[in-house]
Structures are given as structure tokens and as C-alpha cells.
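Trainee: Fold the following for me, if possible:
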Amino acid sequence: MGADQTTVESGAEQGPGLRTVVTASAAGTAFEWYDFFIFASLTAVIANKFYANVGEATAYILTLLLFGVGFVVRPLGALVFGWFGDRTGRKTTFLVTITLMGVATVAIGLLPTYDQIGIAAPLLLLVLRIAQGFALGGEYGGAAIFVAEHAPNEKRGYLTGWIQTTAAFGLIGALGVIILTRMIVGVEAFNDWGWRIPFLLSFFLLVISLWIRLKLNESPAFKRMEAEGGERRAPYREAFGTWKNGRFVLLALFGIMIAQGAVWYCGYFYSRFFMERVLKVEVGTVDQILLTITLASAVLYVFFGWLSDRIGRKPVMLFGMILALVAFFPGFHALTRAANPALAEAQATAPVTVIADPADCAIQFDPVGKTAFASSCDLAKSVLSNAGVSYDNRAAAAGTLAQVRIGDVIIPSVEGRGLEGEALTAARADVETRVKAALVEAGYPARADPERINMPMVIGILMIFIVAATALYGPQAAALVELFPTRVRYTAMSLPYHIGTGWIGGLLPAASFALVAWSGNIYFGLWYSVAFTLIAVIVSLIWLPETKGRDLDTIGD
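Mentor: Numbers count the residues shown, from 1 in each chain. Okay, the predicted model is just below:
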């Protein structure tokens, strides 16, 4: 990153070196990703502590939805902190965002549980999750812009690549601290009280991050703009109310960011869901796999950022998008064969079909855990969906009782409509018992056999997804910064970034699962990622300009 003695600006006031600027920005952003990923990694424990009165399944669903709230509010944080960043400066704004994120995370570690204060516990947790997402909405834009506005034109991709790799460092830190804490205090103590430790450690990380960032000066580009004066800035109106800048907001969203949300979150998060829920790989094994690929991916963000300084932002990002389009469907099919070969074999030799009146079949997706799914078709599909079994649908005559065909074996379902309470529970259990017995007889495994997992193949497949994600994400910060003038840069780039990552990416697991439940095909959820990525490829190819090497002070002149 260059010698620290090299100042990032010339003149009477000497600022910190590039190494300090990049380290301070990246360390703070990694800390915020650490805070954000802790919650995702401790979902099961948090569900037990804060939703103890609603049952295990519903508690888990509500906790996942609570995690999603952090994504939904990120665009709002981008708008608020973007405005302040363009009006008052980059440094002050991202000092505020990191403080808010750190305080909210430490507070989660101090929260009383449901058993201690009742319904107030999940409500307070909701407030703190909103604060975390709100803060992260302002953090990324500030850190990326701060580094980019200090960096030489010819090294902007490489230097901002260190900001991009902070997501990997944050995830590594979160998983590492959780695994280490669980080893030290033991599983039982961790589930009782030790889960608080990773949250409380954020206090020390916050102090270190603030200490480093307080050493920084305001960015040279912002100070030059302030010195030149001119008319009063109106970031919202200038960024979104004029076609001059507004068209680039749309290009950033539809040409880059919707693909970013689809590709990155599919590679890192949906692949985890797929291995755990569909392929039935043990959670500990999945954690080890993800930690391995995340460690391997850390350097790729910087590499692809550096490469974009040589050949351009657009070709590198397009490579990532197109690789994802080509790899997702065959890759996930291959992942099934590598991680759970018994499941792949059973699907080939004994395919499953639900034969039912289409009018009796609901979409097997219930985000709040309240729908009964009581028809004969619904009962059959519920059992198969919960078992992670892929099935085809075949229409039957109206009023026909649904059947499940597993290979050559036919299992009739039960009509549950009109039944309530214990009677409905007994009917569902009857269908589940007979279907699961037939699945076992046909060779469908209850869990992935650890001895048969082809670990090198699993890691190799996942690394293809991660190469696609890092090729798209590595040059992204530089590309977004170079699209917008200094006057509105914070506001204009932050909003499309957090719509793409927060909404498209954050909602990807739930939406993809809904598609799987609707179709019965365990691979059908991939169409969510493929559709958004394909749109971005078309928009990028036709309309997105190449921005490599632009002078940030002259954009918009």
C-alpha cells in the first residue's frame, strides 16, 4: 500500500499516509461487518433466548426475519448518512456510523432475555437491529469514498479493494470468535451465557477503530470542494432530481448492484442454506467449509481491484457476473453430488412426484409460521419441503386425494381440512411417518454422510462462486465512486449500493426458498440470482461507462 511516510495530500497541512488511511478505513468497516455477521452466526441461540414462548420453528423464523430487518433499513441509513457525508464531510460521518454500530452491538450482548423481561426483550432487540442496519447503511459509502478520494487515479481499484475485502475479514472474525469462545467455555455454557461474549468484545474493537480513525484528516477532494465554495449543496435534489446524476444512480443500481446482491449473497449465504437445509450437511462442517473459502477469498478482492486498474472496472465486473450465470445451475447440481451423493443417487433412481388437484395446493412458504397447510396436497408437500426433497408436480382430477409417488411406490396423503388441534397434528404425523419411511426405503438419507462428502470438490465448487463474487465486488467501490461528482458522491453511490445488497441480497434466502417451495425443485430458487444477474449484464454491456482512471475532481464538470 506504499510507505506510510508518503502523505496523501500536499501543501502546508500534512495528512497521514496511504497505509494509515486504508488501514483505518478498512479496519473500521471490518469491525462493522463483524458486528453484523455475529447476529447471523448466532441465530439459533438468539431465537432460544428472545423468542422462547413461540415454539422452536417459529422462533427461528422470527429471528431470521429480525436479521433481515438489518438489511431492509440500510438504504435509509444510506440516505441519511449520505446527506451528512456530502454536506459536513466524510470523516465525521463515518465516525458516527461506527460508533452507532458498536454501541448497538455491545447493547445486544447486555440485553435481558425473554425469560427475564418478557416481550420487551425481542422489542429491544428489534430496535438494536434497526440501529445496526441503519449504521451500516452509512459506513460502506464513507469508507470507500474516503479511500478513493485519497488514492492516486492509477491505484484506486487496488486501494479500494482493501475496503471490499473487509466483508471477508468481518465474517472470518465473527466465525473465529464464536468457535473459539464455544471451545473455551463449552457448548452448554456458551448457549447459556457465553453467546454474549462475541457481542461484548465489540466494545474493545470499537475503541481501537475510533482511535485509528480519529487520526485521519478530511479527504482531499472534499476539502478542495469546500475551499472552492460555490452554491449551497443539495445532495438529494442533485443526486436524484437531475438526469445528469440520476441516470448514473440507475446505472449503478441496475448495471452493478442488483448483480452484486444476487451473486455475493448466493455464493456466501444461499450456499450455506442449501448445504444445511437441503443437503443436510452438519452445521459444524458447513462452518468449517465457509471459513476455508472465506479465508481463500480475502486476497481475491484486492487482486480483482488491482486488475481493474490495469484492464478496466467494467470487464472485470462483467467477468464475475457472467461466471456466476454460467456456474450457478451446474455448480449447485455438482454440489449435491459432492456433499450428499446418497441424495443425488436417490433422486436419480427414485424421483418423487406429488400427484394432486392443483386447486388444493398452496405455496409451501410461511414466513411467520402460522399457516396450517391442511389440504391433502399441502400435507404431502409440507413433509417433502421439510425433508429437503425435490419433487415434480402432476395434476390430478378435481377433488382427488393427493398422492406422493417415490419411485414405484405410491403413498396416499390425508385430507386435513376440517381437522383442528390434535386431530390435525395426528393427520400430519401419519403422512410424515409413511412418506419418510418410503424415502428411507428408496435410499433418501436423513443426513449427509460425513465419510462420503468429497471435501475438495465441495470447496472447489464454492470457490467458483466466490471467484465470481469477488471479481464483481473487488472493483466495485472504485467504479461507484468514479460515477459521481464530489458534491453528491456519498449520497448518490450509497443508495444503490444498499438497495442492491440490502434488499436484493438480504431478501435472497427467503425469496429463493419461496421459489423452491412453490416449484418443488430444490434448484429452482437459483432463478432469483440468475434473473437479477442477467439484467445487470445486459445493462452493463449496453449503458455502463468505463470509469478507470477518472479524475475525481473533474467528474460532472
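
Trainee: can you map out the strands along this protein?
Mentor: 352-356, 391-395, 403-406, 409-412 (DSSP state E).

Trainee: Where does pLDDT dip in the stretch 301-450 of the chain?
Mentor: 364-372 (pLDDT under 70).

Trainee: For the most centrally placed residue in the chain, which non-adjacent residue is closest in space?
Mentor: Nearest residue to the geometric centre of the chain (Cα atoms, centre = their mean): Tyr265, 4.3 Å. Sequence neighbours aside, Gly505 is the residue nearest to Tyr265 in space, at 3.7 Å (criterion: Cβ to Cβ, 6 or more residues apart in numbering). C-beta here means a position set from N, CA and C on the backbone, and glycine is covered the same way.

Trainee: number of nearby residues for the one you found?
Mentor: Residues contacting Gly505 under the criterion other Cβ atoms under 10 Å number 27.

Trainee: try Gly506
Mentor: Neighbours of Gly506 (other Cβ under 10 Å): 23.

Trainee: which residues does it contact?
Mentor: Going by Cβ atoms under 8 Å, 6 or more residues apart in numbering, Gly506 touches Gly68, Gly70, Phe71, Val72, Arg74, Gly261, Tyr265.

Trainee: Go ahead and confirm His273 touches Ala510.
Mentor: Just to correct that, residue 273 is Phe rather than His. No: in this structure Phe273 lies outside contact range of Ala510 using Cβ atoms under 8 Å: 9.7 Å.

Trainee: Now do the phi/psi pair for Pro485.
Mentor: Backbone torsions for Pro485, taken as degrees, to the nearest 10, come to phi -70, psi 160.

Trainee: and it, what pLDDT?
Mentor: Reported pLDDT at Pro485 in the predicted model: 87.

Trainee: For Ser543, give me its contacts.
Mentor: Quick fix: residue 543 is Trp, not Ser. Per Cβ under 8 Å, 6+ apart, neighbours of Trp543: Leu251, Gly255.

Trainee: Give the rounded mean pLDDT of stretch 81-90.
Mentor: 75.

Trainee: got the buried residues for that stretch?
Mentor: Across stretch 81-90, burial judged by 16 or more other Cβ atoms under 10 Å covers Phe81, Gly82, Trp83, Phe84, Gly85, Asp86, Gly89, Arg90.

Trainee: In JSON lines, list the residues you listed along with distance to Leu323.
Mentor: Shown next, in JSON lines, are these (distance: Cβ to Cβ, whole Å):
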{"residue": "Phe81", "distance to Leu323": "33"}
{"residue": "Gly82", "distance to Leu323": "31"}
{"residue": "Trp83", "distance to Leu323": "36"}
{"residue": "Phe84", "distance to Leu323": "37"}
{"residue": "Gly85", "distance to Leu323": "33"}
{"residue": "Asp86", "distance to Leu323": "35"}
{"residue": "Gly89", "distance to Leu323": "38"}
{"residue": "Arg90", "distance to Leu323": "33"}
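
Trainee: Can you get me a residue count around Trp264?
Mentor: 27.

Trainee: Next one: it from Leu110, what distance?
Mentor: For Trp264, the distance to Leu110 (Cβ to Cβ, to the nearest Å) stands at 32 Å.

Trainee: How about Trp83?
Mentor: Relative to Leu110, Trp83 is positioned 31 Å away (Cβ to Cβ).

Trainee: and if you look at Val389?
Mentor: 43 Å.

Trainee: Over to Pro341?
Mentor: In terms of Cβ to Cβ, Pro341 sits 46 Å off from Leu110.

Trainee: Those two - which one has more neighbours?
Mentor: Ranked by neighbour count (other Cβ under 10 Å), Pro341 and Leu110 place Pro341 first, with 16 against 10.

Trainee: quick one: pLDDT of the spatially closest residue to the more buried one that is not a sequence neighbour?
Mentor: Distances taken as Cβ to Cβ, 6+ apart place Arg452 nearest to Pro341, at 5.4 Å, with adjacent residues excluded. pLDDT for Arg452: 95.

Trainee: again with Ile208
Mentor: Reported pLDDT for Ile208: 83.

Trainee: before we move on, the earlier item: next, format the strands of the chain as TSV and append distance to Ile98 and mean neighbour count.
Mentor: Shown next, in TSV, are the strands of the chain (distance: least, Cβ to Cβ, whole Å; neighbours: other Cβ atoms under 10 Å):
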stretch	distance to Ile98	mean neighbour count
strand 352-356	50	21
strand 391-395	48	15
strand 403-406	53	22
strand 409-412	56	14
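
Trainee: Same list (those strands) but as CSV, adding distance to Leu323.
Mentor: As requested, the strands of the chain are exported to CSV (distance: least, Cβ to Cβ, whole Å):
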stretch, distance to Leu323
strand 352-356, 32
strand 391-395, 30
strand 403-406, 36
strand 409-412, 41
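
Trainee: Of all these, which one comes closest to Ala517?
Mentor: strand 391-395 (10.9 Å; Cβ to Cβ).

Trainee: got the CA positions of that closest one in PDB?
Mentor: Extracted C-alpha coordinates of strand 391-395, given in PDB (Å, rounded to 0.1, in the frame of the first residue of the first chain):
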ATOM      1  CA  TYR A 391     -40.300 -33.300  -6.400                       C
ATOM      2  CA  ASP A 392     -42.200 -32.900  -9.600                       C
ATOM      3  CA  ASN A 393     -45.900 -31.900  -9.700                       C
ATOM      4  CA  ARG A 394     -48.500 -33.800 -11.700                       C
ATOM      5  CA  ALA A 395     -52.100 -32.600 -11.900                       C
END
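
Trainee: Out of the strands of the chain, the one nearest Val106 is which?
Mentor: strand 391-395 (46.2 Å).

Trainee: What pairs with the closest one, parallel or antiparallel?
Mentor: strand 352-356 (parallel) (DSSP bridges).

Trainee: can I have the strand it pairs with written out in CSV, keeping just the CAs?
Mentor: Coordinates of the C-alpha atoms in strand 352-356 are reproduced here as CSV (Å, rounded to 0.1, in the frame of the first residue of the first chain):
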residue,chain,number,x,y,z
VAL,A,352,-40.5,-38.0,-6.2
THR,A,353,-43.8,-36.7,-7.7
VAL,A,354,-46.8,-35.1,-6.0
ILE,A,355,-50.0,-36.1,-7.8
ALA,A,356,-52.7,-33.7,-6.7
